[in-house]
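Student: Predicted structure and sequence below. I'll ask about it afterward.
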Amino acid sequence: MKTSSVRLALLGALLLVGAAALYAIHGHERTLRAGRIILVELAPVDPRSLMQGDYMALRFQPDALLPRPEVVAGKLPRMPNYAYLALDATNRTRYAGTGDALPAPSGQVALRLRARDGVYSIGPNAFFFQEGQADVYAPARWGEFRVEGNGKALLTHLRDAGLNRLGTENKR
């Protein structure tokens, strides 16, 4: 293969990777800009093991209510695509069920389920913050998500029992 052909192929691959990254960034920016704010209760976690370096391990209350599939012959059975969460007047959520249909039933929001090590969850398993800020995030009781109608959700902040944002000057 000629050197110019190799360079052209590498340039094409680089452009393709760059375009894919820009597309993903644009999608996340759209969710952060236009997604609906909802609050999901964090599941109780032993505070002595909650902080590990510069992140907080997370579990969400609705995760405990999700169906737990049994592994059969080394395979997980098919799970629903979405968890449906009912909303109250302050956008706090409670588990309402699972399903595959969009949009979510009236008065509810759909969050795409994630599988990690055979366990399904509505959100990430960690929240990263600046080193040395563990005390700021220790009172976290709620996760603030931005959610789109297609079930894509991004965890943006943690909130305390009074629904105040932690680690920001803008408290609500």
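Tutor: Everything's here; your move. Keep in mind it's a predicted model, so treat the numbers as computed, not measured. Numbering: from 1, shown residues only.

Student: List phi and psi for Tyr137.
Tutor: With angles defined as degrees, to the nearest 10, Tyr137 sits at phi -100, psi -10.

Student: so Arg92 makes contact with Leu39?
Tutor: Yes - judged on CB atoms under 8 Å, Arg92 makes contact with Leu39 at a distance of 4.7 Å. No exception for glycine: its C-beta is placed from N, CA and C like everyone else's.

Student: Between those two, which contacts overlap?
Tutor: Residues touching both Arg92 and Leu39 (CB atoms under 8 Å, 6 or more residues apart in numbering) are 142, 163.

Student: More neighbours: which of those two?
Tutor: Taking other CB atoms under 10 Å, Arg92 and Leu39 do not tie; Leu39 has more neighbours (19 against 16).

Student: residues touching that one, list them.
Tutor: 90-93, 142-145, 159, 163.

Student: Let's have those residues in a markdown table, adding secondary structure and distance to Gly151.
Tutor: Listed next are these as a markdown table, based on DSSP: H, G, I helix; E, B strand; the rest coil; distance: CB to CB, whole Å:
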| residue | secondary structure | distance to Gly151 |
| --- | --- | --- |
| Thr90 | coil | 22 |
| Asn91 | coil | 17 |
| Arg92 | strand | 19 |
| Thr93 | strand | 14 |
| Trp142 | strand | 20 |
| Gly143 | strand | 16 |
| Glu144 | strand | 17 |
| Phe145 | strand | 11 |
| Arg159 | strand | 22 |
| Leu163 | coil | 24 |
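
Student: Please compute how far stretch 158-172 lies from its chain's middle.
Tutor: The chain centroid and the centroid of stretch 158-172 are separated by 18 Å, computed with CA atoms, centre = their mean, to the nearest Å.

Student: Would you mark the buried spots in it?
Tutor: Using 16 or more other CB atoms under 10 Å as the test for burial, stretch 158-172 gives 158-159, 165-166.
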